[in-house]
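Peer 1: Any chance you could fold what I've pasted below:
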Amino acid sequence: MHARKVVKVLIKSTGLLSISRRVVNYFRKKAHPIQTTETDPHYEYRYLGTEYGGWFFVDDGTLENTTIVSAGLGEDASFDTEFAATFDANVVIVDPTPRAIKHFNGIEQRVGSKNTSFYVDGGCQPIDAYDLSNIRHGQLSIVNKALWDKPKEVKFFAPRNPQHVSHSIVNYQNDYSDQTESIDVKADTLASILKAASIQPSDLKLVKLDIEGAEIEVIQDMLANYILPTQILVEYDELNVPSSAGLSRVSKCDRALIDAGYKLIRTDGGANFLYYWQASDKD
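Peer 2: So this is what the prediction gives:
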């Protein structure tokens, strides 16, 4: 049945506006008010990467020769490689997924080489599609751990679709169950990862979080430890599978970021959001 017909039937049969709104939100994938945030025109935006794995961020003149943290690699490193090449930057990638590690190792073997093919649709990019001719060895590094709010061994739950690569600590795809298929991986905090990479929190300009629901706990831990990067690029993955628990978690996280001095300045209307530091300093 067509989506509009489903909505009309529910409205007529139940007369409950709240149900009709939930159905409309489901089909439109606008389950949360922040998904309708308008782009703030006061910033200069830039986009790097594929349609699947790329991100918008603010090109504010502070990113040249910097080091960023990019959590969640999967099999699309287009944002990471293009950012490193564009800004002569170092990118610390965080992902313990075996397929992601294999993908990174393939990239490492081609550092310094031009691409011999092109990006494809979807989230599994050919290794030779990355133009690595302007990247040096050492600019890209990987931490084979999950990003979390405490150092420990955790269950990393497999996605519903076995063709997909991204695992999840919170297992939002399976109603937050702790009984579905998983692997055991080591997890660590952003503070520990920064220390190991000799990065001062005050020097951190950008963090990208695409970590399948764990972004909520990670952001809360960042704020609690005064790790306040200028830009936070975050995918609230739970908005892709809307539930009351997931929506509540996103609301609390968004509120915490706003209270800490961030402003939500852009969204793709789905699950990707860009927060920018608004306070006058980071002391």
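Peer 1: contact partners of the longest helix seen in the chain?
Peer 2: Looking across the chain with DSSP state H, the single longest helix is helix 244-259. Helix 244-259 is touched from outside by 31-32, 34, 172, 176, 213, 215-216, 219-220, 223, 232, 236, 238-239, 264, 275, with contacts defined as CB atoms under 8 Å, 6 or more residues apart in numbering. For glycine as for every other residue, the C-beta is placed from the backbone atoms N, C-alpha and C.
Peer 1: where does the residue sitting nearest the centre point of the chain sit relative to residue 77, distance-wise?
Peer 2: What sits nearest the mean C-alpha location of the chain, by CA atoms, centre = their mean, is residue 210, with 2.1 Å. Taking CB to CB, to the nearest Å as the measure, residue 210 and residue 77 are separated by 12 Å.
Peer 1: for residue 249, same thing?
Peer 2: 28 Å.
Peer 1: between the two, which one's more packed in?
Peer 2: residue 77 (30 against 20; other CB atoms under 10 Å).
Peer 1: What are the phi and psi values at that one?
Peer 2: Backbone torsions for residue 77, taken as degrees, to the nearest 10, come to phi -100, psi 20.
Peer 1: What of residue 32?
Peer 2: phi -130, psi 140.
Peer 1: Would it be right to say that residue 191 lies in a helix?
Peer 2: Yes. With DSSP: H, G, I helix; E, B strand; the rest coil as the criterion, residue 191 is part of a helix.
Peer 1: so it touches residue 200, yeah?
Peer 2: No. Residue 191 lies out of contact with residue 200 (CB atoms under 8 Å); the separation is 11.2 Å.
Peer 1: ok, these two, which is more surrounded?
Peer 2: Neighbours were tallied for residue 191 and for residue 200 using other CB under 10 Å; the higher tally belongs to residue 191 (17 against 9).
Peer 1: who's in contact with residue 187?
Peer 2: Residue 187 neighbours (CB under 8 Å, 6+ apart): 145-148, 150-154, 169.
Peer 1: ditto for residue 223
Peer 2: Applying CB under 8 Å, 6+ apart to residue 223 gives the contacts 256-257, 260.
Peer 1: now do residue 61
Peer 2: Residue 61 neighbours (CB under 8 Å, 6+ apart): none.
Peer 1: any idea how far it lies from residue 44?
Peer 2: From residue 61 to residue 44 the distance is 9 Å (CB to CB).
Peer 1: cool, and residue 138?
Peer 2: Distance from residue 138 to residue 44, counting by CB to CB: 29 Å.
Peer 1: same thing with residue 98?
Peer 2: 38 Å.
Peer 1: Of these two, which one has the most company?
Peer 2: It is residue 98, of residue 98 and residue 44, that has more neighbours when counted by other CB under 10 Å, with 14 against 9.
Peer 1: and that one, backbone torsions?
Peer 2: Dihedral angles for residue 98 - degrees, to the nearest 10 - are phi -50, psi -40.
Peer 1: shared neighbours, residue 191 and residue 200?
Peer 2: By CB under 8 Å, 6+ apart, no residue touches both residue 191 and residue 200.
Peer 1: those helices in the stretch 151-283 of the chain, which residues are they?
Peer 2: 190-196, 215-224, 244-259 (DSSP state H, counting those that start in this stretch).
Peer 1: Give the buried residues for stretch 110-129.
Peer 2: If you call a residue buried by 16 or more other CB atoms under 10 Å, then stretch 110-129 has these buried ones: 110-111, 115, 119, 123-125, 127-129.
Peer 1: Next, the contact list for the nearest residue to residue 193 once chain neighbours are set aside, please.
Peer 2: Spatial nearest neighbour of residue 193, chain neighbours left out: residue 143 (5.7 Å); criterion: CB to CB, 6 or more residues apart in numbering. Each residue near residue 143 by CB under 8 Å, 6+ apart is listed here: 92-95, 188, 193, 196.
Peer 1: Next one: residue 143 from residue 178, what distance?
Peer 2: 24 Å.
Peer 1: likewise residue 256?
Peer 2: In terms of CB to CB, residue 256 sits 25 Å off from residue 178.
Peer 1: So which of those two has more stuff around it?
Peer 2: residue 256 (16 against 10).
Peer 1: Run a quick neighbour tally on the closest residue to residue 31 other than its chain neighbours.
Peer 2: With sequence-adjacent residues excluded and distances taken as CB to CB, 6+ apart, residue 31 is closest to residue 242, at 3.7 Å. When counting by other CB under 10 Å, one arrives at 17 neighbours for residue 242.
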